[in-house]
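Student: Sequence plus the predicted model coming up.
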Amino acid sequence: MAEILELPIGSLVLRMRNFQYIDPEVTGEGKKGMSHVAKMDKQIFEEFQHNWGDLGAQAEEIVGLALFDGTPDKGAKPISSLTNRNQVNRERHFFRASVFASYENKCCITGLTIPTLLVASHIKPYSKCRTSSDRTDPHNGLLLNTLHDKAFDQGLITVTKDYTIRVSQKIKDYANDEFTKSCLADLEGQKIILPRNFMPSAECLEYHNDEIFRR
């Protein structure tokens, strides 16, 4: 990165620490950097803080690689080698990469770590998000295994503002087998595993509670 930006490595590290210092979500030992942060650093942080889609797109353009091409296991490809570079794909791949990193590749309900069984799930549904920033904001994401992602999407479970899981009565009515009871009904009142960064948005959780959850 230092080579691409033509900056000394020390200068780049200091700038990253300045962004940490500005970020209101970073606390404790992570709060490093200079207290008198450069005006330019503040402007850059404020520009992209709620504009995740453009941040991802510009990052790809600067390095000339498809960082969010959906196949990270095969390595980032040159942008010119991809046939489908539309905005929707960039948004989805950036959102997925951000949520997976934030939750350290673990389901926030079970702790499951098998990548093929994990889904970066939108709290406020993708179809209801009106802007690129809303669709790509990792604060609007939970990392769930496929079963609980489906249950969450269908409103059979939800997460409240204090990160407590609630279970729909529709699940409880069918909890007459051990699997349904242990994997779904017994989730009532449990807390989710919180992410390292990008805490779930209270506004998005309220939306899911009010509009999606099937009480």
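Tutor: Perfect, I can see it now. Numbering: from 1, shown residues only.
Student: Residue 143 is in contact with residue 98, correct?
Tutor: No: the pair residue 98 / residue 143 is not scored as a contact, 10.3 Å apart, by C-beta atoms under 8 Å. (Each C-beta comes from the backbone N, C-alpha and C, glycine too.)
Student: okay, and the common contacts of the two?
Tutor: By the contact definition C-beta atoms under 8 Å, 6 or more residues apart in numbering, residue 98 and residue 143 are jointly contacted by residue 120.
Student: higher neighbour count, the two?
Tutor: Counted by other C-beta atoms under 10 Å, residue 98 and residue 143 do not tie: residue 143 has more neighbours, with 25 against 22.
Student: and the helix or strand hosting the more buried one, which strands flank it?
Tutor: Element membership of residue 143 [criterion: DSSP states H and E] is strand 141-145. Partner strands and pairing direction for strand 141-145 (DSSP bridges) are strand 118-122 (antiparallel).
Student: Can you give the contact residues for the strand it pairs with?
Tutor: Contact with strand 118-122 is made by 95-96, 98-100, 105, 107, 112, 129, 135, 140-146, 149, 152-153, as judged by C-beta under 8 Å, 6+ apart.
Student: Please list only the buried members of these.
Tutor: 95-96, 98-100, 107, 112, 129, 135, 140-145, 149, 152-153 (16 or more other C-beta atoms under 10 Å).
Student: In which helix or strand does residue 165 reside?
Tutor: If you go by DSSP H and E, residue 165 is part of strand 165-167.
Student: list the buried ones in the helix or strand following that strand?
Tutor: Using DSSP H and E, the helix or strand that directly follows strand 165-167 along the chain is helix 169-173. Within helix 169-173, the residues scored as buried using 16+ other C-beta under 10 Å are residue 171.
Student: and what of stretch 177-197?
Tutor: Under the neighbour-count criterion of 16+ other C-beta under 10 Å, stretch 177-197 has 183, 184, 185, 187, 192, 193, 195 buried.
Student: Mind giving me the packing neighbours of the strand or helix carrying residue 90?
Tutor: Here residue 90 sits within helix 87-102, counting by DSSP H and E. Under the contact criterion of 3 or more C-beta pairs under 8 Å, 6 or more residues apart in numbering; DSSP states H and E, helix 87-102 touches helix 52-63, strand 118-122, helix 132-136, strand 141-145.
Student: Would you format the ones you listed as a markdown table with mean pLDDT included?
Tutor: What follows is the helices and strands packed on helix 87-102, written out as a markdown table (pLDDT from 0 to 100):
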| stretch | mean pLDDT |
| --- | --- |
| helix 52-63 | 69 |
| strand 118-122 | 96 |
| helix 132-136 | 82 |
| strand 141-145 | 97 |
